[in-house]
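J.: Here's a sequence, model it:
(one chain, ligands or ions: 1)
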Amino acid sequence: MIRPLHPGTAAIVKATIPALEAHGLAITKTMYASLMQDPAIAAMFNQTDQANGRQPHALAAAVLAYARHIEHPEKLKAALDLIVERHVAVMVEADQYPVVGAALLGAIRTVLGDAATPAIMEAWGDAYRFLAEVLITREADVYAERAALEGGWRDWRSLRVEKRTRETDSVTSFWLVPADDKPVLMHKPGQFLTFRLDRDGLNTRRSYSISSAPDARGYRISVKRDPNGQVSRWFHDQLAVGDIVDVTPPAGNFTLEGKAEVPVLLVSAGIGITPFMSMLLAPRVSGNTHPLHLVHGDHDLGSMPFQSELVNLSATTSPLLIDLFESLPKSAASTERTHKGRISASWVRSRVTPETHVYVCGPRSFQRDLIHGLVEQGVNREQIHHEFFGSDEEVTSGRS
Ligand SMILES: NC(=O)C1=CN([C@@H]2O[C@H](COP(=O)(O)OP(=O)(O)OC[C@H]3O[C@@H](n4cnc5c(N)ncnc54)[C@H](OP(=O)(O)O)[C@@H]3O)[C@@H](O)[C@H]2O)C=CC1
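T.: Below is the predicted model:
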């Protein structure tokens, strides 16, 4: 049950807004430094986003927004929806909230010093308790809903690597089937799986978009090898056919659902094509009728995965258009639908009608440039959907 805020909490929390504006980042950095001492908690966070400061920035902004809108929680709905989505993706549990709360309050006390009076500490304790109860309740509902669906599950489920497929020199697909041979939850195209990786020196959770059509037999994910990436190298070098991995049920809201018949423009760069492969393959299964247009950019045709699948799709799926861009072409030859250079916002803009929904996935700078360019050129922000693992604040805010 969610207990309301104590009378007086909101006024005191609002009075701390100037202190949060001045010291919010110091507070969240101190908080994360303390949390990361616990390996089980550290595993929940993307360590790259910790190291480059994105996560502390994002949390400082969230804490400030909470203080500003504490009397009008409806204004926080979109932010809370995103937090719930992120939390269920990495399987945050109710018993982790007190640990995080203690770290946040400890950091407020450390950074504000004597200014953190007992009344302020009590008010922030109450504000955190209230927010935690809201999130725990909503997350419990999502966990229960997913477990109740056909093929769904509540905790981690063991999947077996049935097959590995080499897509390009740097991309390999992994076909995963349930170790218990029972059906799995059919994903919505665009969703991802999160893996619990706690072996071979790894202690992390990592999400990968599902690149196959919805199928109760299992899932395909496709991983690009990053020479500096510990996890992608582990998938490529260690994960063999027959091995078992633990995953969450499919999660994420980067889906086409609810917008049938609406023209859809899928714009990807690099391995960002993976969720779109699932969307493109799905019509065969679900009778999806969106007019689809894929615009994909990569270094050259040789580094583009799934080309034979795309050729098959364009021959068998109607209506489907595919435009490919090569930023570092190896040959001067081009066709009506293969282009030289990077995908530009103005090229995409000229294909967007007032009805089109644009889905964007790829490197962070690509998403940021494209989304800003489209909005600058008059595309309604509501028509644009994007997906990025990790904190995506700067994709939408313009911070680089
Ligand atoms: N569901 C999700 O959230 C997923 C997210 N991803 C993310 O997608 C990213 C893909 O990275 P990767 O495959 O290594 O990409 P690459 O670095 O290989 O780049 C792929 C292509 O994107 C082009 N590009 C890069 N920046 C821009 C830009 N600002 N504007 C236009 N074109 C640009 C590159 O051009 P050039 O050669 O000129 O640099 C290249 O042609 C990863 O960071 C991954 O995390 C991937 C899969 C799923």
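J.: And the ligand, is the helix or strand encompassing Arg86 touching that?
T.: Assigning secondary structure by DSSP states H and E places Arg86 in helix 77-89. No - legend: contact between helix 77-89 and the ligand by C-beta under 6 Å from any ligand atom is lacking; minimum distance shown is 10.9 Å. In short, each C-beta sits where N, CA and C put it, glycine included.
J.: Closest residue of the stretch 101-250 of the chain to the ligand?
T.: For the stretch 101-250 of the chain and the ligand, the shortest gap (C-beta to the nearest ligand atom) falls at Ser209, measuring 4.0 Å.
J.: Let's see the strand or helix carrying that residue as CSV, backbone CA atoms only.
T.: Assessed by DSSP H and E, Ser209 sits inside strand 204-209. What follows is strand 204-209, C-alpha atoms only, in CSV (Å, rounded to 0.1, in the frame of the first residue of the first chain):
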residue,chain,number,x,y,z
THR,A,204,26.9,-7.0,-15.1
ARG,A,205,23.5,-7.0,-16.7
ARG,A,206,23.3,-6.1,-20.4
SER,A,207,20.4,-5.6,-22.8
TYR,A,208,20.2,-6.6,-26.4
SER,A,209,17.4,-6.0,-28.9
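J.: what are the ranges of the strands in the stretch 51-200 of the chain?
T.: Assigned by DSSP state E, counting those that start in this stretch, the strands in the stretch 51-200 of the chain fall at 157-166, 171-178, 192-197.
J.: Would you mind telling me which of those strands is nearest His87?
T.: Comparing those against His87 with C-beta to C-beta, the closest turns out to be strand 192-197 (11.0 Å).
J.: Identify the residues contacting the closest one?
T.: For strand 192-197, contacts defined as C-beta atoms under 8 Å, 6 or more residues apart in numbering pick out 43, 89-91, 156, 176, 203-210, 219, 221, 231, 234, 245-248, 250-252, 275, 389.
J.: Then stretch 324-336?
T.: Contacts of stretch 324-336 (C-beta under 8 Å, 6+ apart): 295-302, 304, 337-343.
J.: Could you rerun that using 6 Å?
T.: Outside stretch 324-336, the residues that touch it by C-beta atoms under 6 Å, 6 or more residues apart in numbering are 296-297, 299-300, 338-340, 342-343.
J.: hmm, back to that, just the buried members of the contacts of strand 192-197?
T.: Buried subset of the contacts of strand 192-197 (neighbour count, 16 or more other C-beta atoms under 10 Å): 43, 89-91, 176, 204-210, 219, 221, 231, 234, 245-248, 250-252, 275, 389.
J.: quick revisit: could I get the contacting residues of the residue of the stretch 101-250 of the chain closest to the ligand?
T.: Contacts of Ser209 by C-beta under 6 Å, 6+ apart are 192, 274-275.
J.: Next one: Asn380 from Val352, what distance?
T.: 9 Å (C-beta to C-beta, to the nearest Å).
J.: Show me what the helix or strand where Tyr359 lies is packed against.
T.: In this assignment (DSSP H and E), Tyr359 forms part of strand 357-361. With contacts taken as 3 or more C-beta pairs under 6 Å, 6 or more residues apart in numbering; DSSP states H and E, strand 357-361 sits against strand 264-269, strand 384-387.
J.: Report the angle between the longest one and strand 357-361.
T.: Taking axes from the mean of the first three to the mean of the last three C-alpha atoms, to 10 degrees, one finds that strand 264-269 is oriented at 20 degrees with respect to strand 357-361.
J.: pLDDT wise, what is Ala103 at?
T.: Predicted confidence (pLDDT) for Ala103: 96.
J.: I'd like to know how many residues surround it.
T.: For Ala103, the count of nearby residues is 21 (other C-beta atoms under 10 Å).
J.: just the one 10 residues further on next, same as before
T.: For Gly113, the tally of surrounding residues (other C-beta under 10 Å) stands at 7.
J.: what sits against it?
T.: Counting by C-beta under 6 Å, 6+ apart, Gly113 has no contacts.
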